[in-house]
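Student: what would the 3D arrangement of this be:
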Amino acid sequence: MTLNNLGNVERALRNPVEAVRAHTQALRIREESLGPDHPDVGTTLNNLANAQADNGDIAGARLSVERAVGIDKRVFGDHHPAVAADLIGMGVVLCECGEMNDAETALQAALNVNEVSMGPEHADTGATLNNLGVVKTRQSQHGEARLLLERAVRVLEIALSPDHTDVAVALSNLSVCLTESGDTASGGLYTHELNGFGASRVFLRMLNLFRSGYGWTRT
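Tutor: Numbering: from 1, shown residues only. Okay, the predicted model is just below:
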């Protein structure tokens with residue numbers, strides 16, 4: 001097992017200190033063997049950033065993910081899916097440390113890249129819409145959040161399937177948005193099952209997806 005994989009396993013086991021240690025060692029080895037600007041170094045930096053964020057080192061996580069973005073932009077150009085993935089990671093880290101405006105900027109940039117490089121109906125675009133909708137919800141911009149999350153549900157249903165876990169996650173986020181905005185009666189979603197329903201129906205469909213296909217303990 002490589003150090004990078006070991007770090008991912010430790011993170012999955014909720015051992016962030018060990019995950020940071022493994023990814024830091026992996027980063028040092030990859031920098032020495034591949035050079036500081038190799039794409040694999042960027043991948044390791046992203047993994048390290050996730051572990052650092054889990055460990056509460058938000059400043060370190062931000063530095064790691066910013067460096068990963070810089071590497072992939074230099075290697076692939078500004079409009080490559082790898083750059084979008086880095087920007088999503090940056091947005092998540094910034095959101096977790098409460099820097100919502102910067103998180104929104106990063107995720108909007110990721111959305112722009114994915115729409116150009118992958119297309120507006122791609123699953124990666126749907127996932128980015130979902131993440132951006134979460135940030136907008138946390139900013140109490142519920143109108144914009146709702147539009148993003150409704151679109152995320154539609155895109156993910158088409159790109160994956162109506163019963164996919166990513167659809168359930170987007171529905172869960174939409175339910176939160178609608179509830180926070182006080183709209184529990186009329187959601188007005190543009191899917192045949194949800195048209196005319198608000199947070200209650202969205203939540204019930206999300207719950208049924210998790211129960212029927214993926215169990216109660218899925219995270």
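Student: which stretches of the protein form helices?
Tutor: Along the chain, counting by DSSP state H, helices occupy 3-12, 16-34, 39-54, 58-76, 81-96, 100-117, 123-138, 142-159, 165-180, 199-209.
Student: and the third one, what does it pack onto?
Tutor: Read it as helix 39-54. Secondary-structure packing of helix 39-54 (3 or more Cβ pairs under 8 Å, 6 or more residues apart in numbering; DSSP states H and E): helix 3-12, helix 16-34, helix 58-76, helix 81-96. C-beta here means a position set from N, CA and C on the backbone, and glycine is covered the same way.
Student: rewinding a little: Serialize the helices of the chain to TSV and add fields for mean pLDDT and mean neighbour count.
Tutor: Listed next are these as TSV, based on pLDDT from 0 to 100; neighbours: other Cβ atoms under 10 Å:
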stretch	mean pLDDT	mean neighbour count
helix 3-12	87	18
helix 16-34	95	18
helix 39-54	92	23
helix 58-76	92	20
helix 81-96	89	24
helix 100-117	94	20
helix 123-138	94	24
helix 142-159	94	21
helix 165-180	86	23
helix 199-209	54	19
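Student: and residue 126, which of the helices and strands packed on helix 39-54 is closest to it?
Tutor: Residue 126 sits nearest to helix 81-96 of all those, at 12.1 Å, using Cβ to Cβ.
Student: got the angle for that closest one vs helix 123-138?
Tutor: Angle, helix 81-96 to helix 123-138, by axes from the mean of the first three to the mean of the last three Cα atoms, to 10 degrees: 20 degrees.
Student: which elements pack onto helix 81-96?
Tutor: Using 3+ Cβ pairs under 8 Å, 6+ apart, helix 81-96 is in contact with helix 39-54, helix 58-76, helix 100-117, helix 123-138.
Student: for those, give me a markdown table that also has distance to residue 24.
Tutor: As requested, the helices and strands packed on helix 81-96 are arranged in a markdown table below (distance: least, Cβ to Cβ, whole Å):
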| stretch | distance to residue 24 |
| --- | --- |
| helix 39-54 | 6 |
| helix 58-76 | 10 |
| helix 100-117 | 23 |
| helix 123-138 | 26 |
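Student: pull the number of nearby residues for residue 36.
Tutor: 11 (other Cβ atoms under 10 Å).
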